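Engineer: Got a predicted model here, sequence first, then my questions.
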Amino acid sequence: MGDFKFAKDKLAEVVGALKDYEVFAPAAVGDVLRFKEVEDASSVSFDFKNTNVPPKELMFPETETLFKFRVGQTDIEPAVPDESKKRLVFGIRPCDAMAYTIVEKLYSWDYPDPYFEKRRESSVLFGLACSEPVPNCFCTSLGGGPGSEQGLDALMFDLGETVYVKTITDAGDAVAKAMGLEAAADAEKKAAAAQEKEALAKIKRTIDTTGIPEKLPSLYDHPFWEQFSDRCLSCGICTFLCPTCHCFDIQDEVEAFNGRRARMWDTCMFPEYTLHTSGHNPRPTRKERTRNRISHKYSYFPEKFDVIACVGCGRCINYCPVNIDILDILEKSKQAEAKEAKTA
Amino acid sequence: MVDEKKLREKAKEVLAREDVRRLIGWKRGTYGYESAPAVLKDASEADELIFDPTCVQNPASFITLEEKLPVPRGQDPDTRKVAVLVKGCDSRAVVQQLVEKAYDRDSVIVLGVPCTGVVDRRKAAKMFGDTSEPVLIKEEGDKFVFTIDGETREGSKAELLADKCVRCRFPNPLIYDELVADEVAVWGADEFADVDEFAKMSPPEKWKFWEEQFSKCIRCYSCRNVCPMCYCLECVVTKQKPQWTRRSTDVSENTAYHIQRAWHLSGRCIECGECERVCPVDIPITTLNRKMTRDVKEMFSYEPGVDVEAEPLLSCYNPQDPEEYIM
Amino acid sequence: MSEEYEPNIVAFLCNWCSYAGADLAGTSRTHYLPNIKIIRVMCSGRVNPLFLVNALQQGADGVLISGCHPGDCHYLEGNFYARRRFMLMRKLLEHVGVDPGRVNMSWVSASEGAKFKEVIDETVAKAKEAGPMDQFRRRQLNW
Amino acid sequence: MSSRRPKIGVYVCHCGINIGSVVDVPAVVEHALSLPGVAIAREYTYMCSDPGQNLVKEDIKTSGLNRVIVASCSPRMHEPTFRKTLKEAGLNPYFLEMANIREQCSWVHEDHAKATEKAKKLVEAAVAKALVLEALEEKEVDVIPSCLVIGAGIAGIQAALDIADAGFKVYVVEKTPSVGGHMSQLDKTFPTLDCSACILTPKMVDVANHPNIELMTYSQVEAVEGYVGNFKATIRKKARYVDVSKCTGCGVCAENCRLAGRIPSEFDENIGMRSAIYLPFPQAVPAKYTIDPERCLQLSKGKCGKEGPACAEACTAGAVNFEQEDELVDIECGTIIVATGYDVFDAARKPEYAWSDYANVITGLEFERLVSASGPTGGKPLLGRDKKGEGGYLPQKVAFIHCVGSRDKSVGNEYCSRVCCMYLAKQAHLIRDKLPEADITVYYMDVRAFGKGFEEFYDRVRREGVRYVRGNPSEVYKKNADPEDHTLIVKVEDTLTAQALEAEHDMVVLGVGLEPRHDVREIIDLFKLSQSTDGFFMEAHPKLRPVDTASDGIFLAGCCQGPKDIPDTVAQAKGAASSALILIASGKVNVEAQVSVVTSSECRGCGFCVEVCPFGAIELVDENRMGNIVKVALVNEALCKGCGSCAAACLSGAIQPRSFKDEQILPQIAVLGVRT
């Protein structure tokens, strides 16, 4: 595909050139970054490591209405995302883009999910390569990297004054052209390559995942989980902030006589997640929940979809208030003796 | 200064006891500026324990976090004691938990750790940047000395102390079976200047401020779950019947959630600051609690978590209670 | 704000004093504004302050708790508890930016039909002044 | 029934034109029909009329309604009526919800459109609640046919006798060694001047001898638990150190007591003396002796003289028993009457009247003993007697001072004690009677002669030459230091003549008022009573339930509820007795159906509700939760009044008052909160 570039200070015009596109980019509230629809393109920043909340919310919002109803009546009013406008996701990090390719496997599996798919189809992803990886990021261990192109339509390199744009798909190419970007020179390509190399070197943490998917099931009853679960708060940070976590709950929200059925993020770390109506809970303690989170990402999901449901963005580590470290857990799982399991 | 060797010896001794199930304290984390809460079950693990300015977490939270599992027929429930290390602020949680009958006094062994202040992760990260290595922090006079990725860095306590420590009035545990170090002098005072400052805003300004904050909330409930006072079996916030708050996230529901949380903690919050520390989207949660704490003090001259004999604030009254706004 | 804005007030009245006081206002044909909608509870002590929050979230522009005068509670102490809770909740709501004029409590005895009218007039006036309380309304209500 | 799908009938009442003329009733009916769960909606001129009620009954029977909403007047007016209607139609009465569209809508709003809108909303809210109403069961509990009477003054005695005479068991508990109370200390009673002892003693004897009465003197209630109809009380019978079965009341023991005549007698207000082993007064009932453990040498010092206790020595019946111990008795009773009486105001709290300083400044009660024929002076108002009680003088210039410790903010008693005006008048008369020559002055603020025969008596006393000076004395002091001169100066302004007086008297009687007993707290905690601002026990309603308390089955009699004279006390005692008898005789009592209920799986056992409950209806009990023993709240439905304070205190909403649960109120808010 093509190589383009634009001067940073021209950002407003470049993005502004896109008609009938909703543009989403990281926006800051205080120190907290989250993808928001862009009102003023000049406010879009390249100077960030990654957003607190992953852009999975662009395809899979925290809350979305499925349909509305009136108590005692059978006719419903369905709600499906509006696809008339194309969306440009601008500045998404490679790991978060890669996450889409993973979650997609589930949402397009047996019963395709219209809500997720429509949004995904109508979105063009302009990634931003990492020059300063976040601490505890370990994308390279999972086949990603600061310049990974998986899932992206184009990848941008922030070279200071200018931004080098490497388009990856026709869609990306089209948008680049629609933006009226000028062609890039070798200088930019070289600089980009150098930057990627530099960034790679900065990634400190790694994990060799070979064998893990196969081993984890044997550790089902193993006491070692408690080393971590005993301090787990059972909160939703690690999962809500995980770009590949995709679980949702469906609830009817009734106001007097009007109601809606909505789905919202849910997490296997909440006790309610597996609580039966009977009051029985098959995952009664934090141990089972912690085990499930790790096992699902590193064993159950790969078993079904041949890919580990983790992109190594490091969020679950960085934001955990009690220092639970997925890499630590995985390392310990390798050391753990399967036969100990029964002693649990 | 806490002598970690003595601390570990004490922990060994306690963990060795027949009637002790677990000991909760702090150990070195695998990364960053904060320790990891340690839940130890065997004397052999005691050497993992640490106490230094990274030990920000409140171990009392983990007493009530432990699930009571169904006891198989024919077996007796495990009634062995839980030992817990507490800083001054943490100890107030134990006091309040006892006031609220969370457990019997004799089911816990409280080891008091006099504390001279812990480091605020966010402040430190701003000053020295992030790291994926565990950071070592020592206190030297009015300075904190950091070892970050092998390098030594320094910063003034004043700039790096957690806010709760800056105004700390209870550096020494209020309740304990044993102190693991000598008591320290009280340095802090709390004039609630921040609350007064905030109060100057007009209602619309306040609402705008909170609207922005609450709109960030992802309702991970870490602020609730980490709270040593939040251990209801069924929290009104996540209750389905009736459903006070929607699980769906929007400014209205998030605001309702945070009001409910603050309300349920009024007269109960012991100011350990954990709720704000754990928030992944930096909502200034203690700004809500501190307002309540202050009003409770002012209107009812009441302070939770200082007296085991105290009556819960909202379960008692004084015929002379203020009522200036009542028509 | 718009001229035609008519504040909506949700009131929680205790059965023995204030609700009876409201009835008395009726039997003595004391006219007051229809903006107020009354929910009857046995005692002001029953009113969970989160009811007020919920009412505001449902779109009420003002809320009112009314009970027996201190010392006259049919259940001896209920209104004392209610008073504490109200005073605190009012402060909390003020802190998050809810105009304190929207959050009201009164003592109205079974014989104070006239006072009840005054309370309503004042409550409505304050809510008018504070303007429509739309910022807190449940978003999913808008259909 | 509540499990069945809700099928709601809505009945909108025109109430003649009371509602119809303002609210567009047909429009409300039409609106109701559009609401979920509403199967039928009708209008009618008078829903409360028989045809109106029959409409409802018919629909319940024919179309199987299981919820009924009546939009009409206030539920305070007709909720019972329509509950009955549902009941008669075989539907649980608690499936009724009312919308108050008269008192709180058509009568108070002029704008017809707005009133109609509001009426619709109110009906909507009623429907929202009706959808989640629950069937409640009305419970009855049996009443143990007996009564526990606390205190055996005239109030307690009268109440006990009435109930016993009705043929029911009565337990009477009296703190002191004898029944009789304050009345037994009085000499004559106003206004009729009949002798107190003469009218009281027979009743005292009756109480002791009545087959249905179990009298426990020198005893105290230690603990009370249970609820209306089923109280359990533990009573401590204090050791008298005298075996009452042997004691003949001969009194030889007292004569031989080493401390005979050396201990001030409480009964004689410390004017007279008694022994360590004593009978409070000659007519005491039971006529059994009691040893005062504080004063008795043997009991307090462990040694009485060389030869050991003289009383035991002297008692031929061998009744004295120093080994005797307190005895605890458990009794069960269906009702309780509290008649614990009052304390007289402690004159020492008005130092300006120098009661503590001068022997010839005395209180009204001291005066009663002084002039009582059975008193220490044999009825002579003798002052200044020596330690042996010899000598003394008769006063010539007597002053009586009103309102000592009553109507006096400075001592925290704003109330009028209601008896002082008349007892002072009576006492003035008695002085006139005994000392015809004496000069008598009464200093008063007002004279309140409100009772039957009071004004006449007051008039009579004045005509007997008693001077009434309108003024509240500011000070009483001795004229000079001469011990022989007893003259006191009463400093006062005669507010009628605006003259400052310094009147000379040799005897000043203080009209001390009545106060709540010093130990009122214990009683309050014991029976969970409440106090009115004056400190006396609070009745359930000042007008309509003057003998009831907020705790069902517990009644008040006499001065513990407020100052009273004897006739009023007796009247209230009879009232309390008949109130108790209503329960006892009917044998059953309905307990509130709308009581709180705990979902124990949600209860965290913090006890907030326990501490909040004004009726002590909630306790924490052990529950086996999957093998773990945890504490959870449990409601005693017989004690719960359904106020719901517990629900507002509960953080998790585990405890909820039936018919007013969170899930029943929130839907109402959801409807009424929305601005139209």
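Structural biologist: Right, received. Where do you want to start?
Engineer: Off-centre distance for the lowest-mean-pLDDT helix or strand in chain A?
Structural biologist: Sorted by mean pLDDT, DSSP states H and E, the helices and strands of chain A end with strand A:76-78, the least confident at a mean of 86. Its chain's C-alpha centre and that of strand A:76-78 lie 30 Å apart, by CA atoms, centre = their mean, to the nearest Å.
Engineer: which outside residues touch the next helix or strand after that strand?
Structural biologist: The helix or strand immediately downstream of strand A:76-78 is strand A:86-92, counting by DSSP states H and E. Strand A:86-92 is contacted from outside by A:15, A:18, A:20-26, A:35, A:38, A:44, A:46, A:55, A:58, A:119, A:122-128, A:152, A:156, A:175, using CB atoms under 8 Å, 6 or more residues apart in numbering or on different chains. In short, each C-beta sits where N, CA and C put it, glycine included.
Engineer: Mark which of those are buried, thanks.
Structural biologist: Neighbour counting with 16 or more other CB atoms under 10 Å in any protein chain shown marks A:15, A:18, A:21-26, A:35, A:38, A:44, A:46, A:55, A:58, A:119, A:122-128, A:152, A:156, A:175 as buried within those.
Engineer: what number of residues lie near the closest residue to A:Leu128 other than its chain neighbours?
Structural biologist: Computed as CB to CB, 6 or more residues apart in numbering or on different chains, the closest residue to A:Leu128 that is not its neighbour in sequence is A:Gly91, at 4.5 Å. Counted with other CB atoms under 10 Å in any protein chain shown, the neighbours of A:Gly91 add up to 25.
Engineer: Centroid-nearest residue for the chain?
Structural biologist: Just so you know, I chose chain A. Centroid-nearest residue in chain A, with CA atoms, centre = their mean: A:Pro243, separated by 1.9 Å.
Engineer: Please refer instead to chain B.
Structural biologist: B:Cys272 (3.4 Å).
Engineer: Run through the residues that contact it.
Structural biologist: Going by CB under 8 Å, 6+ apart, B:Cys272 touches B:Asn58, B:Ala60, B:Cys89, B:Asp90, B:Arg92, B:Ala93, B:Lys164, B:Pro228.
Engineer: Of these, which is the most crowded?
Structural biologist: B:Ala60 (31 neighbours).
Engineer: Tell me, what's the model's pLDDT at that one?
Structural biologist: As predicted, B:Ala60 sits at a pLDDT of 97.
Engineer: ok, now A:Ala174?
Structural biologist: Confidence for A:Ala174, expressed as pLDDT, is 93.
Engineer: From A:Glu117, how far off is it?
Structural biologist: 20 Å (CB to CB, to the nearest Å).
Engineer: sorry, back to before: not counting sequence-adjacent ones, nearest residue to the residue nearest to the centre of chain A?
Structural biologist: Nearest to A:Pro243 is A:Ala99, by CB to CB, 6+ apart, at 3.4 Å.
Engineer: again with B:Val39
Structural biologist: Take B:Val39 and drop its neighbours on the chain: the residue closest to it by CB to CB, 6+ apart is A:Asp230, 3.7 Å away.
Engineer: Run through the residues of chain D sitting next to chain A.
Structural biologist: Contact residues (CB under 8 Å from any CB of the partner chain) of chain D with chain A: D:Leu35, D:Pro36, D:Gly37, D:Glu124, D:Ala128, D:Ser601, D:Pro667, D:Ala670, D:Val671, D:Val674.
Engineer: how about a cut-off of 10 Å?
Structural biologist: Residues of chain D lying near chain A by CB under 10 Å from any CB of the partner chain: D:6, D:34-38, D:124-125, D:127-128, D:131, D:601, D:626, D:666-674.
Engineer: Count the neighbours of B:Glu274 for me.
Structural biologist: There are 28 residues near B:Glu274, going by other CB under 10 Å.
Engineer: and what of the one 5 residues further on?
Structural biologist: Other residues within reach of B:Cys279 by the criterion other CB under 10 Å amount to 24.
Engineer: related to what we said a few turns ago, who touches the residue nearest to A:Pro243 in this structure?
Structural biologist: By CB atoms under 10 Å, 6 or more residues apart in numbering or on different chains, A:Ala99 lies in contact with A:54-56, A:59, A:92-93, A:144, A:150-151, A:242-246, A:309-311, A:313.
Engineer: Could you do A:Val80 as well?
Structural biologist: A:Val80 sits next to A:Glu64, A:Thr65, A:Leu66, A:Phe67, A:Pro114, A:Tyr115, A:Lys118 when contact means CB under 10 Å, 6+ apart.
Engineer: can you tell me which residues contact the residue of the stretch 51-200 of chain B found nearest chain D?
Structural biologist: Closest contact between the stretch 51-200 of chain B and chain D, by CB to the nearest CB, is at B:Val71 (2.5 Å). Counting by CB under 10 Å, 6+ apart, B:Val71 touches B:Pro77, B:Asp78, D:Asn624, D:Arg625, D:Met626, D:Gly627, D:Asn628, D:Ile629.
Engineer: And these, which is closest to B:Ala310?
Structural biologist: For the contacts of B:Val71, the minimum distance to B:Ala310 (CB to CB) is 25.7 Å, reached by D:Ile629.
Engineer: For that closest one, the count of nearby residues, please.
Structural biologist: 13.
Engineer: could you pull out the strands for the chain?
Structural biologist: Picking chain A for this. A:3-7, A:21-29, A:32-37, A:63-70, A:76-78, A:86-92, A:123-128, A:154-158, A:162-167, A:182-183, A:248-255, A:258-265 (DSSP state E).
Engineer: Not quite, go with chain C.
Structural biologist: Using DSSP E, strands in chain C cover C:9-14, C:36-41, C:62-67, C:103-107.
Engineer: Now for residue 12, how many residues are close by?
Structural biologist: Since you didn't name a chain, this refers to chain A. 14.
Engineer: looking at chain C here, not the other one
Structural biologist: Count around C:Phe12 with other CB under 10 Å applied: 27.
Engineer: Distance of the residue nearest to A:Leu128 relative to A:Ala25?
Structural biologist: 5 Å.
Engineer: Just the pLDDT at the residue most central in space within chain C, thanks.
Structural biologist: For chain C, C:Leu64 is the residue whose C-alpha lies nearest the centre (CA atoms, centre = their mean; 0.9 Å). We note a pLDDT of 97 for C:Leu64 in this prediction.
Engineer: who in the stretch 201-344 of chain A is up against chain C?
Structural biologist: Listed as neighbours of chain C in the stretch 201-344 of chain A under the rule CB under 10 Å from any CB: A:Glu253, A:Val254, A:Glu255, A:Ala256, A:Asn258, A:Gly259, A:Arg260, A:Ala262.
Engineer: hmm, 7 Å instead?
Structural biologist: By CB under 7 Å from any CB of the partner chain, the residues of the stretch 201-344 of chain A that approach chain C are A:Glu253, A:Glu255, A:Asn258, A:Arg260.
Engineer: Neighbour count for those residues - can I get that in TSV?
Structural biologist: Formatted as TSV, those follow (neighbours: other CB atoms under 10 Å in any protein chain shown):
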residue	neighbour count
A:Glu253	21
A:Glu255	21
A:Asn258	16
A:Arg260	22
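Engineer: circling back to that earlier point, name the nearest of the contacts of A:Val80 relative to C:Arg83.
Structural biologist: Comparing the contacts of A:Val80 against C:Arg83 with CB to CB places A:Thr65 closest, at 40.9 Å.
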